[in-house]
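A.B. asks: Mind looking at a prediction? Sequence and model below.
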Amino acid sequence: MSSPPVIDVRSLNLTYGDFHAVKDLSFQVEAGELYALLGTNGAGKTSALEIVEGHRAPTSGTVRVFGKSPRDRRAVRPRMGIMLQDSGFSPDLTVRESVRLIGGLTQRADRVERVLGIVDLTRKAGTKVAQLSGGEKRRLDFATAVYGAPELIFLDEPTTGLDIQSRDHLWDAVDRLREDGSTVVLTTHYLEEAQQRADRVGLMHKGTFHREGTVAELTRTLPAAIQFSLAAPAPAPPLPATREGDGRFRVETFSLQEDLHTLLRWAQDHAVELRGLQAGPTRLDDVFRALGSDQTAPATS
């Protein structure tokens, strides 16, 4: 028998007066997975996650985290780590004091030195928060979220302000936590991170769930693209193509391999050079741009 989901959201609604911020939202997050909840600005994902994290009460609907209401802080909060976009640490506390303080509030056991080592802040342990760079503050946010290796971790824009090396270190730490069984919910504007790391992705637009699935399932909803230029004079391409503003041809296809083979064979038979040839499947950012357009339909239950 399969285990129950770590997060179970059903028919969630949140209204502010006449404004419907979240509309009939339902989704589940399974144990051990990395689930990315993404959306356009104002999509309602932050409001939805605030409810899941226990910071806000819904207007209607049910939310269960570990089978309990997230408002039951005594039961749920010790099992949950949250990395907000800005945790608002006291500027007068040192890094060590900040981790010790937040770590103590979680009721989870850990060593401050171990956590600082994970985020490469050991040398900054005695530095006041006010003297940290933006990237160092972000790493401190992550340190307090993963103190005690919580079973469920929320990461809100975790790599904003981090250099490439710090990003790699953060994701290495996330990978180790997942190996130990942690479940991760990610929100990010760096869509390549979601594409590379998420087991499943939920896309929100104007308060509703627009799409949900693996990256492969989501990207299959839009055609792949082949782009190239031809030197004049040249015969017409063998595939239906649109001419873009820069003169390049664009072929959209759901049969990328077959159509690319057709194009290459045509180019060889006609001694035509396909200048600047590019071909590839749809990426998650293409699906994201299509939110709210007629190219994708809202998710159905």
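C.D. replies: Structure's in. What do you need?

A.B. asks: now what about stretch 199-219, what contacts it?
C.D. replies: 20-27, 33-40, 42-45, 48, 194-195, 198, 221, 281-284, 286-288, 291-292, 296, 298-299 (C-beta atoms under 8 Å, 6 or more residues apart in numbering). Heads up, the C-betas are built off the backbone N, CA and C, glycines and all.

A.B. asks: Ok, stretch 179-188 next?
C.D. replies: With contact meaning C-beta under 8 Å, 6+ apart, stretch 179-188 is reached by 6-7, 29-38, 45-46, 49, 52, 149-159, 174, 177-178, 193-194, 197-198.

A.B. asks: about what we covered before: just the buried members of the contacts of stretch 199-219?
C.D. replies: 20-23, 25, 27, 33-40, 43-45, 48, 194-195, 198, 221, 282-284, 286-288, 291, 296, 299 (16 or more other C-beta atoms under 10 Å).

A.B. asks: tell me the domain ranges of the chain?
C.D. replies: 7-218, 223-281 (automatic domain parsing).

A.B. asks: Using CSV, lay out the ones you listed together with mean pLDDT.
C.D. replies: Listed next are the domains of the chain as CSV, based on pLDDT from 0 to 100:
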stretch, mean pLDDT
domain 7-218, 93
domain 223-281, 93
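
A.B. asks: Kindly compare burial across those domains and name the winner.
C.D. replies: domain 7-218 (a mean of 18; mean count of other C-beta atoms under 10 Å).

A.B. asks: coming back round to it: which members of the contacts of stretch 199-219 occur in helices, if any?
C.D. replies: K45, A48, A194, Q195, L284, D286, V287, F288 (DSSP state H).

A.B. asks: quick one, what contacts the second one?
C.D. replies: Right, A48. V9, L12, L14, V22, L25, L37, M204.

A.B. asks: give me that answer again for 6 Å
C.D. replies: Residues in contact with A48, defined by C-beta atoms under 6 Å, 6 or more residues apart in numbering, are V22, L25.

A.B. asks: where's it relative to L277, distance?
C.D. replies: Between A48 and L277 the distance, using C-beta to C-beta, to the nearest Å, works out to 42 Å.

A.B. asks: got it, and the fifth one?
C.D. replies: Between L284 and L277 the distance is 23 Å, computed by C-beta to C-beta.

A.B. asks: Stretch 46-66: end-to-end distance?
C.D. replies: Distance between the two ends of stretch 46-66: 20 Å, counting by C-alpha to C-alpha, to the nearest Å.

A.B. asks: My error: substitute stretch 68-81 in the last question.
C.D. replies: End to end - C-alpha to C-alpha - stretch 68-81 spans 16 Å.

A.B. asks: Do I have it right that G135 meets I164?
C.D. replies: No: between G135 and I164 there is no contact under C-beta atoms under 6 Å: 11.0 Å.

A.B. asks: Identify the single longest helix in the chain, thanks.
C.D. replies: helix 164-179.

A.B. asks: Okay, now the sheet partners of the following helix or strand past that one, with direction.
C.D. replies: Counting by DSSP states H and E, the next helix or strand C-terminal to helix 164-179 is strand 183-187. Strand pairing for strand 183-187, determined by DSSP bridges: strand 34-39 (parallel), strand 152-156 (parallel).

A.B. asks: would JSON lines of these with distance to G81 be doable?
C.D. replies: As requested, those are exported to JSON lines (distance: least, C-beta to C-beta, whole Å):
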{"stretch": "strand 34-39", "distance to G81": "14"}
{"stretch": "strand 152-156", "distance to G81": "5"}
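
A.B. asks: Out of those strands, which is closest to V65?
C.D. replies: Among the strands paired with strand 183-187, the nearest to V65 by C-beta to C-beta is strand 152-156 (6.9 Å).
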